[in-house]
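Trainee: Below is the sequence, then the predicted model.
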Amino acid sequence: MTTRVRPSNKRCAVIGGSGFLGRHLVEKLLDRGYSVSVFDIRQSYELPGVAFHLGDLCDKQALLPAMKDVSLVFHCASPAPASDDRGLFERVNIQGTRIVIQACIEAGVQKLVLTSSASVVFEGTDIKNGREDLPYAKKPIDYYTETKIEQEKLVLEACDKEKGLLTVAIRPHGIFGPRDPQLVPILVDAARRGKMKFIIGDGTNLVDFTFVENVVHGHILAAERLRPDSPICGKPYHITNDEPVKFWDFMSDVLVGLGYAAPRYHLPYALVYGLALLLWLLALILRPLVSFKPTFTPMRVALAGTHHYYNCERAKQDLGYKPVVSLKDGIARTVQSYPHLRQGA
Ligand SMILES: NC(=O)C1=CN([C@@H]2O[C@H](COP(=O)(O)OP(=O)(O)OC[C@H]3O[C@@H](n4cnc5c(N)ncnc54)[C@H](O)[C@@H]3O)[C@@H](O)[C@H]2O)C=CC1
Ligand SMILES: CC(C)CCC[C@@H](C)[C@H]1CC[C@H]2C3=C(CC[C@]12C)[C@@]1(C)CCC(=O)C[C@@H]1CC3
């Protein structure tokens, strides 16, 4: 049996702690002896040692009690990219993040760790071994990305040693793992509708998929290394599995692991992208009358048909980061965790 020690400087808050990444982060923080307040619009589980505070992060008065006596805040809340709701993304990711920063300053929080995204530099064209000094996307592909860029800028600019708030941004890419509500469920839904027979493009494009425990590891290292004299203050860090993989090999491994056929037939990338763009426009125009959500959005098609993998040397150097779970083990553990999504279940 392990005894949990809870020193007072190990009090932290996780905004978005009911979500996929947030809950994995909370579980690891508890293991490491932290006491945790979760702030979220919903409560998705119960755990001893976790105090839940329900509310919208755009409401400072609701946030402040969750930050009481807390020295470290993780901000990993965001509307899901699939919501494609510009107003919601702007309100939560931009205005809400301003409020999170104000609340941290008011509550005397010393460290703020943001979950950003490697996609802040992605414009739909190849990124090979991209480093953190790539410029932000000038033409972000969707509202999610557009507002993640602004969110990251706000948090990094808020790093102020004089005011006593230190900040850092973690940029994960393609997070996957048990309980993910996005990648595997969307993939399986597409397979069940017969839409996963096709490979978009020639199928050789390399991408990063990052097992959730590696992302958590990167966040905790960043939090623990964030000190006034450390080089990480106000900087973004790529956190990946450091094992770029062919997008369609990864999809096939997950599909086959769950009992579905791997995609086989090739479709030209430009054709599928064009169709996805048309469908997206149609959905936008018809939104007041009918609501439909295309599976193949321009963002998903771009992610499926281009190279996008990132260099995480900076995290290795400054944070001492090294993935703790390999891609192979991560895929096996993920597949095993979705018995209800198996073919025929
Ligand atoms: N899933 C992925 O592949 C990647 C995710 N990210 C980032 O990681 C973070 C976590 O993502 P996931 O865990 O995948 O998403 P998730 O949807 O599972 O979790 C997000 C959480 O934020 C909460 N939330 C949303 N709006 C809120 C509001 N107004 N006030 C309070 N709570 C609110 C939700 O209720 C949810 O529990 C997000 O910031 C996302 O942008 C970055 C790169 C890749
Ligand atoms: C229908 C198929 C072409 C694709 C099915 C799988 C996709 C749902 C996922 C493949 C890459 C994923 C991804 C994200 C969401 C889920 C995928 C599109 C993000 C957009 C999530 C938020 C981010 O910050 C970046 C991610 C990049 C990879």
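Mentor: Here it is on my side, so go on. Ligands and ions are numbered 1, 2, ... in the order given.
Trainee: residues touching Cys12, list them.
Mentor: Residues near Cys12 by CB atoms under 8 Å, 6 or more residues apart in numbering: Leu29, Tyr34, Ser35, Val36, Ser37, Val70, Ser71, Leu72, Val73, Phe74, Ala223. Quick note: C-beta positions are derived from backbone N, CA and C, even for glycine.
Trainee: Inside helices: which ones of those residues?
Mentor: If you go by DSSP state H, the contacts of Cys12 have Leu29, Ala223 in helices.
Trainee: Redo the contacts of Cys12 as JSON lines? Include pLDDT, distance to ligand 2 and neighbour count.
Mentor: Shown next, in JSON lines, are those (pLDDT from 0 to 100; distance: CB to the nearest ligand atom, whole Å; neighbours: other CB atoms under 10 Å):
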{"residue": "Leu29", "pLDDT": "98", "distance to ligand 2": "22", "neighbour count": "24"}
{"residue": "Tyr34", "pLDDT": "96", "distance to ligand 2": "25", "neighbour count": "22"}
{"residue": "Ser35", "pLDDT": "95", "distance to ligand 2": "29", "neighbour count": "18"}
{"residue": "Val36", "pLDDT": "97", "distance to ligand 2": "23", "neighbour count": "24"}
{"residue": "Ser37", "pLDDT": "98", "distance to ligand 2": "25", "neighbour count": "22"}
{"residue": "Val70", "pLDDT": "97", "distance to ligand 2": "26", "neighbour count": "19"}
{"residue": "Ser71", "pLDDT": "96", "distance to ligand 2": "27", "neighbour count": "17"}
{"residue": "Leu72", "pLDDT": "98", "distance to ligand 2": "23", "neighbour count": "25"}
{"residue": "Val73", "pLDDT": "98", "distance to ligand 2": "20", "neighbour count": "28"}
{"residue": "Phe74", "pLDDT": "98", "distance to ligand 2": "16", "neighbour count": "29"}
{"residue": "Ala223", "pLDDT": "98", "distance to ligand 2": "20", "neighbour count": "23"}
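Trainee: which among the contacts of Cys12 gets closest to ligand 1?
Mentor: Phe74 (9.7 Å; CB to the nearest ligand atom).
Trainee: That closest one bridge partners, please.
Mentor: Beta bridges link Phe74 to Val14, Val113, judged by DSSP bridges.
Trainee: That one: what's it in contact with?
Mentor: Cys12, Ala13, Val14, Ile15, Gly16, Gly17, Gly22, Leu25, Val113, Thr115, His219, Ala223.
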